[in-house]
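Peer 1: missing the sequence, but the structure's below:
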Ligand code: TYD
Ligand code: MG
């Protein structure tokens with residue numbers, strides 16, 4: 001028999017290598033590879049029955065002969081959460097919920113699991129970060145003093161797996177995956193190798209027992225789930241919390257979902273009594289200026305099924321020899337590109353200026369439809385002239401200076417009209433064909449190119 005081979009795992013990115021190297025081949029970090037034994041051979045597994053029962057023994061069948069069963073879903077009753085999940089928790093599904101500390105992960109999951117327990121499901125809440133007393137305090141605060149949710153304060157994987165086997169819950173929350181460790185592994189608790197191995201074992205348990213497992217994960221300052229991005233491909237659903245911890249609103253976005261649509265968002269408000277769903281969220285990310293101010297432009301974003309109005313703010317200020325370009329909630333590389341397009345095609349130069357842009361409310365906007373609003377906010381700040389009252393814009397801007405249509409532009413315009421916006425600068429292909437009552441009160445300026453958009457705005461001064 002071949003001897004078990006050693007593998008080397010990077011403590012930064014979780015990448016592996018068959019031999020030791022000074023530099024990680026995946027992320028190029030130095031001195032981060034540490035030795036750990038590869039997966040033990042079949043038959044010698046460390047986790048006893050749980051692991052052994054997983055060897056797939058199914059026959060090979062043509063697709064037509066495999067029964068296409070829909071997934072068994074369990075709605076949590078929290079509408080906004082069910083919306084991002086694609087209808088509820090799926091039996092045997094593994095969900096990863098990431099987000100900044102203090103954003104409300106534990107709060108939301110306790111609310112969800114309590115609702116499921118009340119609906120008759122057998123649940124389990126494993127807490128590694130807080131004591132049972134702290135969880136109990138949260139449940140009192142949430143107005144759930146009579147909650148029957150079984151709580152297990154535990155961080156050792158083998159004990160958690162044992163409890164899962166003996167109690168067979170319908171759903172188990174692991175809060176958080178970063179605190180779980182296995183003493184079968186030599187690497188330190190919290191290291192990438194530990195987190196990845198523990199998540200893999202929990203995932204296999206979910207698949208073999210039908211228990212839904214929700215893993216809570218922390219996000220680092222850089223926005224990656226601490227250590228292991230590797231977890232993302234292991235699980236079925238990845239949800240991220242967004243939002244400013246200083247404001248009351250929170251967004252949950254599905255960035256991967258094997259059981260539903262991605263980019264669907266759920267919106268919550270943090271209240272005295274936990275997170276409450278916001279069913280009509282379109283206007284919550286607008287800061288309320290009494291009068292228009294320079295450097296502010298509202299856009300309509302549409303990720304998922306509901307349009308959302310978000311204010312984009314820009315500040316252009318004279319910079320030093322190497323001016324800064326900073327963005328919050330928007331892509332920084334894209335900002336650099338838009339500045340170049342502004343210069344080349346609209347003659348707006350910011351070379352010697354610091355440029356800061358921000359999406360209000362801690363929202364992250366990844367769709368290129370934000371381009372036009374970003375560029376108009378920047379020019380408005382540079383000129384020191386506000387855009388007109390009730391102004392919105394959206395549209396992707398290409399390197400050649402062309403303004404490209406945004407998906408479902410008419411829905412975006414309808415929402416803006418509904419909320420009383422008056423002026424819209426949008427891609428030509430997004431303008432409504434016929435006179436529709438839904439756009440009443442909104443003057444729409446269709447544009448084909450960025451310089452045209454600039455002209456329209458100057459004409460509105
Ligand atoms: P928490 O769920 O502990 O965050 P996470 O698990 O993501 O780290 O949420 C903590 C914050 O939420 C904390 O600052 C207090 C606040 N909060 C409320 O405002 N209302 C509530 O009912 C609860 C339980 C928490
Ligand atoms: Mg927590």
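Peer 2: Yep, it's here. Values in this document were obtained by computation on a predicted structure and should not be read as measured data. Residues are numbered from 1 along each chain as shown. Ligands and ions are numbered 1, 2, ... in the order given.
Peer 1: buried sites along the helix or strand residue 317 falls within?
Peer 2: In this assignment (DSSP states H and E), residue 317 forms part of strand 307-318. By 16 or more other Cβ atoms under 10 Å, the buried positions in strand 307-318 come out as 307, 308, 309, 310, 311, 312, 313, 314, 315, 316. Yep, even glycine has a C-beta here, placed from its N, CA and C like the rest.
Peer 1: so what's the third one bridging to?
Peer 2: Just to be clear, that refers to residue 309. residue 300 (DSSP bridges).
Peer 1: what sits against it?
Peer 2: Going by Cβ atoms under 8 Å, 6 or more residues apart in numbering, residue 309 touches 282, 283, 285, 286, 298, 299, 300, 301, 392, 415, 416, 419.
Peer 1: Looking at those, which is nearest ligand 1?
Peer 2: Ligand 1 lies nearest to residue 285 out of these, by Cβ to the nearest ligand atom, at 19.1 Å.
Peer 1: Number of residues surrounding the closest one?
Peer 2: For residue 285, the neighbour count with other Cβ atoms under 10 Å is 25.
Peer 1: Can you tell me the SS state at the nearest residue to it once chain neighbours are set aside?
Peer 2: Closest residue to residue 285 apart from its sequence neighbours, by Cβ to Cβ, 6 or more residues apart in numbering: residue 361 at 4.0 Å. Under DSSP: H, G, I helix; E, B strand; the rest coil, residue 361 falls in the helix class.
Peer 1: Surely residue 361 and residue 249 touch.
Peer 2: Yes - if you go by Cβ atoms under 8 Å, residue 361 and residue 249 touch, sitting 6.1 Å apart.
Peer 1: sorry, back to before: among the contacts of residue 309, which ones are in strands?
Peer 2: When DSSP state E is applied, those are split such that 298, 299, 300, 301, 392 fall in strands.
Peer 1: right, and the third one touches residue 410 too?
Peer 2: Okay, so that is residue 300. No - applying Cβ under 8 Å, one finds residue 300 not in contact with residue 410, separated by 10.8 Å.
Peer 1: pretty sure residue 379 is in a helix, no?
Peer 2: Yes - the assignment for residue 379 is a helix, going by three-state DSSP.
Peer 1: circling back to that earlier point, go through the buried residues of strand 307-318 and say which is closest to residue 271.
Peer 2: The shortest approach to residue 271 among the buried residues of strand 307-318 belongs to residue 308, at 20.3 Å (Cβ to Cβ).
Peer 1: What distance do you get for that closest one to residue 283?
Peer 2: Using Cβ to Cβ, to the nearest Å, one gets 9 Å for the distance from residue 308 to residue 283.
Peer 1: if we can go back for a sec, the residue nearest to residue 285: what's it in contact with?
Peer 2: 243, 244, 247, 249, 284, 285, 287, 310, 311.
Peer 1: still on that earlier bit, right, and the helix or strand after the strand holding residue 317?
Peer 2: strand 325-328.
Peer 1: buried set for that following strand?
Peer 2: Quick answer for strand 325-328 (16+ other Cβ under 10 Å): 325, 327.
Peer 1: can you check stretch 354-367 too?
Peer 2: 354, 355, 356, 357, 358, 359, 360, 361, 362, 363, 364, 365.
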